[in-house]
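**Q** Could you look at this predicted model? Sequence included:
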Amino acid sequence: MTVLKLKSKVAAAPAQNNHILFPTMPLELRELIYFYALADQHQRSITISAADAIHGSPLQCPYYLPKLCRVNEATRIDVGLWFIRTTEFGLLYPHHAIYFAQFLSTFPENTGFASIRRLDFQLFGRHVPQLADGVRDRNAYIDFMKRCTGLTQVRIKFEMWYLLRRRFTETNSPSYWAASPWTPEPLSVEGIVELYRLDDLFQLTDLTELTIEVWPKAVTRTAKGVLHVTPNCWPVMEKLAVWIRNGFAERGRKVSIVLSESSNSGLRWAGEAEIGMNTGA
């Protein structure tokens, strides 16, 4: 008797693919996944503080980045750039921009700076570029804006007290309690532009909206004591908004300029509303 031995054909197991497909997905889809996965960790607005560097916050992964950024470097870059694109960052003092720039520089090439979309400068009007030998220094805030090549929205704030004609002494340093006679006359548009080097704003090639926030009151010391007054500042601020709008228009750009009255002279609290007025740009 002949016994036939049949060889069973068992299909070979497919080779295991260890390649992670998620990074190859379209950017739009990855960002949608990040949006829903990290919703509870995503702060829409963050104010950068130099204390992050002083107290040892890791330069590559500061506290405000989602925890997912700590998985590995590739994830830090992908999630980090999404986070930067979708968050408004506030810089209070000019030197805070130095630390923030160091963080943005940890991303490949210029992608960190290029991912910035919205910036907020609540103390913009308090920091006047220094005047040396008749030449005014560059505005540190605007210099930082120019490094952010994808920047589309900017908010700056002025306090009227810093824009009055008698505000400056012979040394060009603001003196809070000036002894000279006080008059509630604001600087001209040209004076404000020169004081803050605002003409450099026209170098922001992707800007679509500029909000100018104004605290209209001023404080002065007179023979009768300390007075809180409200100079007639809106005409000059409206002219400033028109000057900026027209400057962009002359360069073939359409930028919306919004004037907004601040509710206080200090910092804006989260969720605090202002009275806004679009100038028709």
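**A** Yes, it's here.

**Q** make it CA atoms for all contacts and neighbour counts henceforth
**A** Will do.

**Q** Kindly export stretch 261-269 (C-alpha atoms) in PDB.
**A** Extracted C-alpha coordinates of stretch 261-269, given in PDB (Å, rounded to 0.1, in the frame of the first residue of the first chain):
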ATOM      1  CA  GLU A 261     -10.500 101.400  24.300                       C
ATOM      2  CA  SER A 262      -8.900  99.600  27.200                       C
ATOM      3  CA  SER A 263     -10.700  99.200  30.400                       C
ATOM      4  CA  ASN A 264      -7.700  99.900  32.600                       C
ATOM      5  CA  SER A 265      -4.100 101.200  32.400                       C
ATOM      6  CA  GLY A 266      -2.600  97.900  33.500                       C
ATOM      7  CA  LEU A 267      -2.600  94.400  32.100                       C
ATOM      8  CA  ARG A 268      -5.600  92.900  30.500                       C
ATOM      9  CA  TRP A 269      -7.100  90.000  32.400                       C
END
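
**Q** Okay, buried residues for that stretch please.
**A** Buried residues in stretch 261-269, defined by neighbour count with 16 or more other Cα atoms under 10 Å: E261, S262, S263, S265.

**Q** what does stretch 58-78 give?
**A** For stretch 58-78, the neighbour count (16+ other Cα under 10 Å) marks L59, Q60, C61, P62, L65, P66, C69, R76, I77, D78 as buried.

**Q** Could you single out the nearest of the residues you listed to L32?
**A** When the buried residues of stretch 58-78 are ranked by distance to L32 (Cα to Cα), D78 comes first, at 12.7 Å.

**Q** list the contacts for that closest one?
**A** Taking Cα atoms under 8 Å, 6 or more residues apart in numbering as the definition of contact, D78 has no neighbours.

**Q** That one: helix or strand, and which one exactly?
**A** In this structure, D78 sits in helix 73-85 according to DSSP states H and E.

**Q** can you pull the contacts of the closest residue to L123 other than its chain neighbours?
**A** Once its chain neighbours are removed from consideration, L123 has its nearest residue in L92; the separation is 5.6 Å (Cα to Cα, 6 or more residues apart in numbering). For L92, the residues meeting the contact criterion (Cα under 8 Å, 6+ apart) are T47, I48, S49, F121, Q122, L123, F124.

**Q** Tell me how far stretch 83-92 lies from the chain's centre.
**A** Its chain's average C-alpha position is 6 Å from that of stretch 83-92, according to Cα atoms, centre = their mean, to the nearest Å.

**Q** what's the helix or strand in which G112 is found in contact with?
**A** Secondary structure here is read from DSSP H and E; on that basis G112 sits in helix 111-114. Outside helix 111-114, the residues within contact range by Cα under 8 Å, 6+ apart are L81, I84, A101, L104, S105, T106, R147, C148, T149, G150, L151.

**Q** Mind checking which of those are in helices?
**A** Counting by DSSP state H, the members of the contacts of helix 111-114 that fall within helices are L81, I84, A101, L104, R147.

**Q** so which of those residues is the most crowded?
**A** Neighbour count (other Cα atoms under 10 Å) singles out L104 as the most crowded of the ones in helices among the contacts of helix 111-114, with 23 neighbours.

**Q** ok, which pair from the contacts of helix 111-114 is furthest apart?
**A** Pairwise distances across the contacts of helix 111-114 peak at 18.6 Å for T106 and L151 (criterion: Cα to Cα).

**Q** Those two: who's more crowded?
**A** A direct count of neighbours by other Cα under 10 Å for T106 and L151 places L151 higher, at 23 against 15.

**Q** ok, R147 to V79 distance?
**A** Separation of R147 from V79 (Cα to Cα, to the nearest Å) stands at 21 Å.

**Q** cool, and N72?
**A** Distance of N72 to V79, given as Cα to Cα: 11 Å.

**Q** Spatially central, which residue of the chain would that be?
**A** Compute the mean C-alpha point of the chain, and by Cα atoms, centre = their mean the closest residue is L119, 1.5 Å away.
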